[in-house]
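1. missing the sequence, but the structure's below:
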């Protein structure tokens, strides 16, 4: 008989981080492709299967995206996720060029009060499925999180 799913090693084992979309089309797939790490779609990683416990939660900067990010943060707060999952940061991917309207900027501040937030600017080439020659500095900053060695747990 086949082994239970929980006992099956994940194809994502050994990846440095897990990219988790707060909603469909958040941008986790693109960021995982460009920076590395496991694209887990909208599900939490399962560290018991070897998946990375460190999560970069991805959402677009439109109202629905930030609402979805808040809901996923609430799941973390309520510990409604597999053991060993911890948030590294929320990654907000621009849904359009230019500045955010004031109400959306206020949502970003609310998210920042609950978690570390990284902003990814509008990158027109990505909309077309193309690569960019030089990544914006905000994306290069995320690369540092992806390549950083995992934080050690501190015994208290």
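-> Alright, I've got the coordinates. Keep in mind the model is a prediction, meaning the values are calculated, not measured.
2. Show me what the longest helix seen in the chain is packed against.
-> Longest helix of the chain, by residue count under DSSP state H: helix 63-77. The elements that helix 63-77 packs onto, with contact taken as 3 or more C-beta pairs under 8 Å, 6 or more residues apart in numbering; DSSP states H and E, are strand 54-60, strand 86-93, helix 102-114. Yep, even glycine has a C-beta here, placed from its N, CA and C like the rest.
3. Could you pull out the buried residues of it?
-> Using 16 or more other C-beta atoms under 10 Å as the test for burial, helix 63-77 gives 65, 66, 68, 69, 70, 72, 73, 76.
4. one step back: what's the most buried one of the helices and strands packed on helix 63-77?
-> strand 54-60 (a mean of 26; mean count of other C-beta atoms under 10 Å).
5. Mind listing the strands that strand pairs with, and their directions?
-> Strand pairing for strand 54-60, using DSSP bridges, gives strand 18-21 (parallel), strand 86-93 (parallel).
6. Please produce TSV containing those, extended by mean pLDDT.
-> Shown next, in TSV, are the strands paired with strand 54-60 (pLDDT from 0 to 100):
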stretch	mean pLDDT
strand 18-21	97
strand 86-93	96
